[in-house]
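Undergrad: prediction below, plus the sequence it came from.
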2 protein chains.
Amino acid sequence: MSTEEWIDGETKVLEAPEDHGDELRLWLRLLTCSALIESEIRRRLREEFDFTLPRFDLLAQLDKADGGMVLGEVSKRMMVSAGNITALVERLVDSGHVKRTTLSTDRRVQIISLTPFGRTAFRKMAAKHGAWIGSLFAGLSDKDRSLLMRELGKLKKSARDALRGAS
Amino acid sequence: MSTEEWIDGETKVLEAPEDHGDELRLWLRLLTCSALIESEIRRRLREEFDFTLPRFDLLAQLDKADGGMVLGEVSKRMMVSAGNITALVERLVDSGHVKRTTLSTDRRVQIISLTPFGRTAFRKMAAKHGAWIGSLFAGLSDKDRSLLMRELGKLKKSARDALRGAS
DNA sequence: AAAAACAATTTCAAGCTTAAAACGTTTTGC
DNA sequence: GCAAAACGTTTTAAGCTTGAAATTGTTTTT
């Protein structure tokens, strides 16, 4: 075996890893973690409160914002399409958790907010939700958590940067 | 302020952090990362191949398994309900990517596998898919990736352990 | 002030997802 | 051998999700 051949072999391994195997495995594991936790949260919300995760998420957005929120803002924060929000809000209004008003100065704009009933219901669920998440993450030390937080921050930035570049 | 009060205050902070704020922020960030990456992958699959992510994922499972796969196995590996698979497979059979056969020794069991067309189509998409993931993760160093992999491994274990304990 | 551009939301069609019930099929226990 | 339990899959009803087209309302141009 000549030196050239050997170096070429190494070079290929080092400089042309075009299969992205590491990244794919990492992505798959990230997805597994999300799916595992998310499906458990969905199950418990349904069993204990007869509620769905999208409904809970929307209420959570409204609980953070006082004075209500414009539909478009809800859509952006929840990272779902605008059309999605329409039906979701419709059902939450029906069930009495949310009320909607049209902005008087711009009649295109819908503002939604929690009803007192909605706020009470949300607070009750949120307390349990926090405990569930707590128990699912209980196997991680403080160090693990802060490490994970930091690394996910880097990933978020990496993905956002890639999106900016692509669009 | 008495010593008792002061210690009690500290103790509360150290031993009774019942709001789970850290864990919730971590969970939210994990979700943000998944959603960001997943929606981009969905978008590109649709734009470049007119394909959906669930269809791609199912093909990926079949590509890994040679000799086909039992429906129940597909369902478990994809972490989706059995009823979901039925319609998904139906559409993939219609589009010619997948073929299905009934196991002769147990007529309850359906085995599905890639058609040659399906395999070709999948391989083409998978190559692109790998590159997309690669670019979305490009901002992470090797060190970051291995760290993230390890920490997500711990999270996976933590969540699974919590699930075992709860059920 | 028309006309055109832009904006926020809704509607629509298609597909995904779930839990629960139903349907055949196979295995188990007696 | 046969009833009952277990199993793998499909069906069903309800809700979620999307992108694109349509609707309605506002602002900008001309």
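TA: Right, received. Where do you want to start? Numbering: from 1, shown residues only, chains lettered A, B, ... in the order given.
Undergrad: helix or strand for A:Glu73, which one?
TA: Assigned by DSSP states H and E, A:Glu73 falls within helix A:71-78.
Undergrad: repeat that for A:Ile112.
TA: A:Ile112 is part of strand A:110-114, with elements assigned from DSSP H and E.
Undergrad: buried set for the helix ranked longest in chain A?
TA: As assigned by DSSP state H, the longest helix anywhere in chain A is helix A:21-49. Going by neighbour count (16 or more other Cβ atoms under 10 Å in any protein chain shown), the buried part of helix A:21-49 is A:22-24, A:26-27, A:29-34, A:36-37, A:40-41, A:44-45. Bear in mind the C-beta positions are built from the backbone N, C-alpha and C, glycine included.
Undergrad: that older thread, quick one: list the elements packing against the helix holding A:Glu73.
TA: helix A:53-64, helix A:82-94, strand A:110-114 (3 or more Cβ pairs under 8 Å, 6 or more residues apart in numbering or on different chains; DSSP states H and E).
Undergrad: what does that helix contact?
TA: Contact partners of helix A:71-78, identified using Cβ atoms under 8 Å, 6 or more residues apart in numbering or on different chains, comprise A:54, A:57-58, A:61-62, A:65, A:81-82, A:84-86, A:89, A:109-112.
Undergrad: switch to 7 Å and redo it
TA: With Cβ atoms under 7 Å, 6 or more residues apart in numbering or on different chains as the test, helix A:71-78 has contacts from A:57-58, A:61, A:81-82, A:85, A:110, A:112.
Undergrad: now the two most distant members of those residues.
TA: Spatial extent of the contacts of helix A:71-78 (Cβ to Cβ) is set by the pair A:Asp57 and A:Gln110 at 18.1 Å.
Undergrad: among the contacts of helix A:71-78, name the buried ones.
TA: The neighbour-count criterion (16+ other Cβ under 10 Å) marks A:57-58, A:61, A:85, A:110, A:112 among the contacts of helix A:71-78 as buried.
Undergrad: would you reformat these as TSV and include pLDDT?
TA: Formatted as TSV, the buried ones among the contacts of helix A:71-78 follow (pLDDT from 0 to 100):
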residue	pLDDT
A:Asp57	95
A:Leu58	96
A:Gln61	95
A:Ile85	95
A:Gln110	94
A:Ile112	95
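Undergrad: the longest helix of chain A close to DNA strand D?
TA: No: judged by Cβ under 7 Å from any atom of the strand, helix A:21-49 stays clear of DNA strand D, getting no closer than 9.5 Å.
Undergrad: do that helix and chain B come into contact?
TA: Yes: applying Cβ under 7 Å from any Cβ of the partner chain, one finds helix A:21-49 touching chain B at A:22-24, A:26-27, A:29-37, A:40.
Undergrad: can you say which two of those residues are spatially most distant?
TA: A:Asp22 and A:Glu40 (27.8 Å).
Undergrad: give me the contacts around the helix or strand containing A:Ala127.
TA: Using DSSP H and E, A:Ala127 falls within helix A:116-136. Residues outside helix A:116-136 that contact it (Cβ under 7 Å, 6+ apart) are A:37, A:40-41, A:44-45, A:48-49, A:51, A:56, A:59-60, A:63, A:96-98, A:114, B:19-20, B:23-24, B:27, B:158-159, B:162.
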